[in-house]
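dropping a prediction and its sequence here:
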Amino acid sequence: MDYSLSFKVNDKIYLRDPDSTELGKQIVKHSIDLIFQLGFEHFTFKKLALEINTTEATVYRYFENKHRLLLYILNWYWSYMEYLVVFQLEPVLNPKSKLEKLVELLTRELPESAGQTDYNKNYLHQIVIAESSKVYLVKEVKEINQHEVFKPYKDLCERISRLIQAYDAQYLYPHSLSSTLIETSHSQLFFSMYLPKLTDCGPDNKQVFVEKYIKDLLFTLLKGKH
């Protein structure tokens with residue numbers, strides 16, 4: 001059954017809701033394509049405007065700057081990831097199996113079958129791996145955080161922490177481990193692709209390597225229900 005996915009993104013991120021107009025949707029869709037192709041540093045609103053046959057000033061009516069646009073894209077991604085965690089783990093009863101399935105979701109490309117969207121999910125996943133830290137590793141992070149613009153990421157971490165607690169109620173650091181799992185899955189995927197000597201990844205499938213590594217890390221730390 002096909003269905004369309006839509007997530008409410010914090011209105012402090014944008015000037016005009018891009019989901020409210022066809023042009024706004026095209027701005028987000030083609031931003032994902034261009035950021036993937038060019039990298040965030042080389043992506044500009046001028047290049048985006050040329051791509052979608054509009055003006056740079058029009059893009060600025062939706063987003064104050066490209067950092068806010070990236071933040072919008074990542075908020076959508078984190079909301080989507082939480083949706084996948086809920087949707088795909090709900091029928092799984094065993095606590096360890098839930099965590100194993102979670103690791104697979106964190107380390108593999110996004111499933112194309114989970115809801116209809118115009119966004120290129122493979123590009124989106126690659127952007128998260130390479131660019132996601134750039135939205136919070138900024139000097140103004142404290143001020144930005146006051147508007148709760150990182151809430152979808154925090155909500156995902158909270159949900160993962162509950163999965164950890166369900167498996168090992170005695171573990172003292174479920175929230176820290178939640179964010180570690182997410183960030184490590186991204187960094188190890190990035191390193192295995194571009195800086196392999198920082199990993200133990202061999203010639204095998206890189207996503208398989210990271211999945212095995214994260215599972216080993218997780219279940220070495222936890223002593224839970226098998």
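Perfect, I can see it now.

just checking, L84 touches P111?
Yes - counting by CB atoms under 8 Å, L84 touches P111, with 7.4 Å between them. Using the backbone N, CA and C atoms, a C-beta is placed for each residue, glycine as well.

tell me which of those two has more neighbours.
L84 (19 against 12; other CB atoms under 10 Å).

element containing that one?
helix 66-89 (DSSP states H and E).

burial count for the closest residue to S132 other than its chain neighbours?
Distances taken as CB to CB, 6 or more residues apart in numbering place L74 nearest to S132, at 5.6 Å, with adjacent residues excluded. L74 has 24 neighbouring residues, counting by other CB under 10 Å.

check which helix or strand L124 maps to.
helix 121-131.

residues contacting that helix, please?
Contacts to helix 121-131, defined as CB atoms under 8 Å, 6 or more residues apart in numbering, come from residues 32-33, 35-36, 39-40, 70, 73-74, 77, 109-112, 186, 189-190.

put the buried members of these into a ChimeraX selection.
Selection of buried members from the contacts of helix 121-131 for ChimeraX, criterion 16 or more other CB atoms under 10 Å:
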select :32,33,35,36,40,70,73,74,77,110,186,189,190
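
picking up where we left off before, right, and the helix or strand after the helix holding L84?
Following helix 66-89 toward the C-terminus (DSSP H and E): helix 95-107.

so which bits of the lowest-mean-pLDDT helix or strand in the chain are buried?
Lowest by mean pLDDT, DSSP states H and E among the helices and strands of the chain is helix 141-145, with a mean of 86. Neighbour-count burial for helix 141-145 flags I144 (criterion: 16+ other CB under 10 Å).

hey, where'd the helices end up in the chain?
Using DSSP state H, the helices of the chain run over 22-38, 45-51, 56-60, 66-89, 95-107, 121-131, 141-145, 151-167, 174-194, 206-221.

is it possible to export these to JSON lines including distance to D11?
Converted to JSON lines, those look like this (distance: least, CB to CB, whole Å):
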{"stretch": "helix 22-38", "distance to D11": "13"}
{"stretch": "helix 45-51", "distance to D11": "20"}
{"stretch": "helix 56-60", "distance to D11": "17"}
{"stretch": "helix 66-89", "distance to D11": "10"}
{"stretch": "helix 95-107", "distance to D11": "28"}
{"stretch": "helix 121-131", "distance to D11": "21"}
{"stretch": "helix 141-145", "distance to D11": "14"}
{"stretch": "helix 151-167", "distance to D11": "12"}
{"stretch": "helix 174-194", "distance to D11": "25"}
{"stretch": "helix 206-221", "distance to D11": "34"}
